[in-house]
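Undergrad: Give me coordinates for this.
(one chain, ligands or ions: 2)
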Amino acid sequence: MATSASQTFRTPFLKTPSLSSKQPLSSAFAVTLRPSRRAVGRLVVVVSAAALDAKPTVLVAEKLGEAGLELLKEFANVDCSYNLSPEELCTKISLCDALIVRSGTKVSREVFESSAGRLKVVGRAGVGIDNVDLSAATEHGCLVVNAPTANTVAAAEHGIALLTAMARNVAQADASVKAGKWQRSKYVGVSLVGKTLAVMGFGKVGSEVARRAKGLGMNVIAHDPYAPADRARAIGVDLVSFDEALATADFISLHMPLTPATSKVLNDETFAKMKKGVRIVNVARGGVIDEDALVRALDAGIVAQAALDVFTQEPPQYESKLIQHEGVTVTPHLGASTMEAQEGVAIEIAEAVVGALKGELAATAVNAPMVPAEVLSELKPYVELAEKLGRLAVQLVAGGSGVKSVKVTYASARAPDDLDTRLLRAMITKGLIEPISSVFVNLVNADFTAKQRGLRITEERIGLDGSPESPLDFIQVQIANVESRFASAMADSGEIRVEGRVKDGIPHLTRVGSFEVDVTLEGSIILCRQVDQPGMIGKVGSILGEENVNVSFMSVGRTAPRKQAVMAIGVDDQPSNESLKKIGDVPAIEEFVFLKL
Ligand SMILES: NC(=O)C1=CN([C@@H]2O[C@H](COP(=O)(O)OP(=O)(O)OC[C@H]3O[C@@H](n4cnc5c(N)ncnc54)[C@H](O)[C@@H]3O)[C@@H](O)[C@H]2O)C=CC1
Ligand SMILES: O=C(O)C(=O)COP(=O)(O)O
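TA: Ligands and ions are numbered 1, 2, ... in the order given. So this is what the prediction gives:
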């Protein structure tokens, strides 16, 4: 499906640099945005190296497939220097226009500082960019691109390799034979056919694992709050709740991104909900498992075996109980390491880096280019409002609904030409997508990312009379064709609806469904629906007060006195599950939801 906007836009805040062959290399490589000649409203990243005769220099700091190197050599001087110390990298970087790495090189703030403005593109030959300091890159005007698709199948195949090797004790038995033992009865395994595999995270890698596990005769279920049920059904997979996945699975395979919501999602509490003897595979990120809790679950026999490719710290402590555990099979982050994937990744990243150096659109850019300070200072609170409304709206969607259609309405007294909403739309898209994916969204890649995920975003303007002093009166975000975890967030017309305004420079949530509220968009928010009656604010406030959770703001919107009301409570800290349960247990409260901003 296409991402569409109901208007075309001018870009008053995105300036094209004037190019001159007399400019020094460092300033002529400025990364900026300008409207494309090809399509109105599309953006190209202009890195003006091509205007100069001098070939750019690309430093390849980790082994890259030959085909990628060939592509780079057609356009640039290529310096392949592997195993550089941090100091050596900092020394070399001042002579380079682009840098290509995998997960083994830390591209720290010092690297950007040492480049003295010459480094303009960092290419990550893979998906995860946790080894690149993105804020430093952005502050130094350096574009970061990655290769998000070429290693999907390799990661899925490694997941299946670990699943089967674990079930048949391949690694343990191999070590035992090599140690001169013949222990046939010790290494009796378990069969996969007819067993239930829960795929946690039904994205690119997860769905490929599911497809392959079906071929092994497994019964596959998946948990992914944001994946559309029809996509899962198409390959014969049922989407289930998190708790159902834990309670039913004989095998669990993890494929979600590492986000605040998924950090240590497998912990003492969640291990306790699993079937005794469950087996776990992790080729996602080490941080989604509480590794100490996993050791306890293995020792208690809750988890029979685990097969791990990724670790909280890499390389891990080799002498740790986890690594040395008899029930644990480990590989050194090999998910993406096949000849084919590395060739594919090398081509994908070389094309992205060369494209960026030539000034073409970088579809896989992961950081935002600079926006002129004066425009940003006016739009800043609205940018924050836009992202937070997106974040709130997507968290109100019920699991399994699949978000496909979002409408954004801007109410403004400014002439359409005086208000470029692309930055706002990009931030709403970022808010909608980032909580549910490993993708980084910014002004460069927002529309591309939305399109790739089948998310259609339409925009509408409401022209207001009055002073055009402030760029916007309100922003409204509506998600259609979904169910909500909080029924009161549904407008009468059937969509999830949230609306916000900027007051005194601070973003506020001012409407949820048909209810008017007023709460600052800071910290987190609890929404409760109840029949309007005295004492409700006090009851909920004292539950939060008991565990020292600071309430920053409270407001009640109601249809009429003593009728349905929605109470919005801003909190600085996250209340415990126990306190949230107590709020849910207050008899007058009909539904409630906790939303992280
Ligand atoms: N071991 C290795 O060498 C490799 C590891 N990876 C890792 O694999 C993971 C998946 O990568 P892709 O499939 O490319 O990403 P993706 O973005 O295509 O898929 C992630 C899926 O997780 C879902 N998700 C988000 N929050 C969730 C939650 N709380 N519970 C369940 N599902 C949730 C999203 O809706 C999305 O469908 C990432 O963590 C990535 O870093 C990727 C490639 C190689
Ligand atoms: O692409 C990813 O996210 C990976 O985890 C693969 O990392 P690597 O390129 O093998 O260091």
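
Undergrad: In contact with the closest residue to ligand 1 within the chain, which residues?
TA: Nearest to ligand 1, among the residues of the chain, is residue 203, at 1.7 Å (C-beta to the nearest ligand atom). In short, each C-beta sits where N, CA and C put it, glycine included. When contacts are counted by C-beta atoms under 8 Å, 6 or more residues apart in numbering, residue 203 touches 224, 227, 255, 256, 257, 437, 438.

Undergrad: Pull up the gap between it and residue 129, please.
TA: 16 Å (C-beta to C-beta, to the nearest Å).

Undergrad: Same question for residue 431.
TA: When distance is defined by C-beta to C-beta, residue 431 is 20 Å away from residue 129.

Undergrad: Residue 118 too?
TA: 21 Å.

Undergrad: Equivalent analysis for residue 305, please.
TA: 31 Å.

Undergrad: before we move on, what about residue 433?
TA: 16 Å.

Undergrad: Find the least confident helix or strand in this protein, judged by mean pLDDT.
TA: Lowest by mean pLDDT, DSSP states H and E among the helices and strands of the chain is helix 25-28, with a mean of 27.

Undergrad: contacting residues around residue 516?
TA: Taking C-beta under 8 Å, 6+ apart, one finds 510, 557 in contact with residue 516.

Undergrad: Which ones, among the contacts of residue 203, also lie beside ligand 1?
TA: Residues of those in contact with ligand 1 (C-beta under 6 Å from any ligand atom): 224, 227, 255, 256, 257, 437, 438.

Undergrad: Go ahead and confirm the third one touches residue 213.
TA: No. When contacts are counted by C-beta atoms under 8 Å, residue 255 is not listed as touching residue 213 (11.7 Å).

Undergrad: Mind listing the shared neighbours of those two?
TA: residue 199.

Undergrad: Tell me the residues on this structure that lie near ligand 1, please.
TA: Residues of the chain found near ligand 1 (C-beta under 6 Å from any ligand atom) are 127-128, 151-152, 155, 200-206, 223-227, 255-258, 261-262, 283-285, 309-310, 333, 335-336, 436-439.

Undergrad: For residue 538, see how far away residue 581 is.
TA: Distance from residue 581 to residue 538, by C-beta to C-beta: 19 Å.

Undergrad: residues in contact with the residue nearest to residue 398 when sequence neighbours are not counted?
TA: Leaving aside its sequence neighbours, residue 398 sits nearest to residue 483 (C-beta to C-beta, 6 or more residues apart in numbering; 4.2 Å). Under the criterion of C-beta under 8 Å, 6+ apart, the neighbours of residue 483 are 397, 398, 401.

Undergrad: how about 10 Å then?
TA: Contacts here follow C-beta atoms under 10 Å, 6 or more residues apart in numbering; on that basis residue 483 touches 396, 397, 398, 399, 400, 401, 490, 496.

Undergrad: Most neighbours among those, please name it.
TA: residue 496 (29 neighbours; other C-beta atoms under 10 Å).

Undergrad: Wait, it touches residue 432, no?
TA: No. Using C-beta atoms under 10 Å, residue 496 makes no contact with residue 432, being 11.2 Å away.

Undergrad: Touching both of the two, which residues are there?
TA: In contact with both residue 496 and residue 432: 392, 393, 394, 395, 397, 403, 406, 477, 479, using C-beta under 10 Å, 6+ apart.

Undergrad: My reading is that the first one lies in a strand. Confirm?
TA: No. Counting by DSSP: H, G, I helix; E, B strand; the rest coil, one finds residue 392 to be helix, located in no strand.

Undergrad: What score does it have for pLDDT?
TA: Model confidence at residue 392, given as pLDDT, is 95.

Undergrad: Make sure it is actually in contact with residue 489.
TA: Yes. If you go by C-beta under 10 Å, residue 392 and residue 489 touch, sitting 8.9 Å apart.

Undergrad: list the residues that contact both of those two?
TA: Residues touching both residue 392 and residue 489 (C-beta under 10 Å, 6+ apart): 496, 498, 512, 527, 593, 595.

Undergrad: out of these, who's nearest ligand 2?
TA: Among the shared contacts of residue 392 and residue 489, and counting by C-beta to the nearest ligand atom, the member closest to ligand 2 is residue 595, at 28.5 Å.
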